[in-house]
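1. Build the 3D model from these lines:
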Amino acid sequence: MRTHYKTFMITHDKLFKMTIDLVTILVLYILLLALLVGVIHILLQIKSVLFGTLGGGFGQIVSGVLTIFVLIDLFNTFVDYREHKEIRLTYVTDATILIVMREISAGVYAQKYDYQFILGMSVLLLTLGTIRALAVKYPHKT
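-> A predicted model of the protein is given here:
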């Protein structure tokens, strides 16, 4: 009877792994849905800009496309985590670089940022680019 009990016992490690797997699968489906909705939204914006029914125009489309790229990078990060059980620095820096680029481009088109903010974001981009280049040149070996 005692061995029968052990075969059905779930350890903390198994429970933790099952929970992490469930959460990553859920996040992947949410990101996939967000990608589809985002692409449809961009296509509707392009249609509206072409026929002149939407204000804002090009800046909103550029911002939307960069947002889609951020979602793609996040999707790649979660897929890679599911396969290798580690988060790679290159994916995180790529996503962060895209987020900063999105903010800069949205702010430039809306003309809401002053030169100090854009200069600060440029320094951040330079730092992230350096980190990304170093991560590629000196990859983590497991």
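2. What segments of this structure are helices?
-> Remark: helices assigned in the chain by DSSP state H are 2-7, 12-50, 58-84, 89-110, 115-137.
3. Make CSV from those and add mean pLDDT and mean neighbour count to it.
-> C-betas here are computed from N, CA, C, even on glycine. Formatted as CSV, these follow (pLDDT from 0 to 100; neighbours: other Cβ atoms under 10 Å):
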stretch, mean pLDDT, mean neighbour count
helix 2-7, 54, 6
helix 12-50, 89, 13
helix 58-84, 85, 17
helix 89-110, 83, 17
helix 115-137, 90, 13
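4. residues contacting the spatially most central residue of the chain?
-> Centroid-nearest residue in the chain: residue 74, 2.9 Å away (criterion: Cα atoms, centre = their mean). Residues in contact with residue 74, defined by Cβ atoms under 8 Å, 6 or more residues apart in numbering, are 31, 95.
5. how near is it to residue 35?
-> According to Cβ to Cβ, to the nearest Å, residue 74 and residue 35 sit 10 Å apart.
6. go on, residue 95?
-> Applying Cβ to Cβ, the value for residue 95 to residue 35 is 14 Å.
7. again, but for residue 139
-> As defined by Cβ to Cβ, residue 139 lies at a distance of 28 Å from residue 35.
8. and what of residue 119?
-> From residue 119 over to residue 35 the distance is 32 Å, taken as Cβ to Cβ.
9. Please apply the same query to residue 45.
-> 16 Å.
10. Repeat that for residue 104.
-> Residue 104 is 22 Å from residue 35, where distance means Cβ to Cβ.
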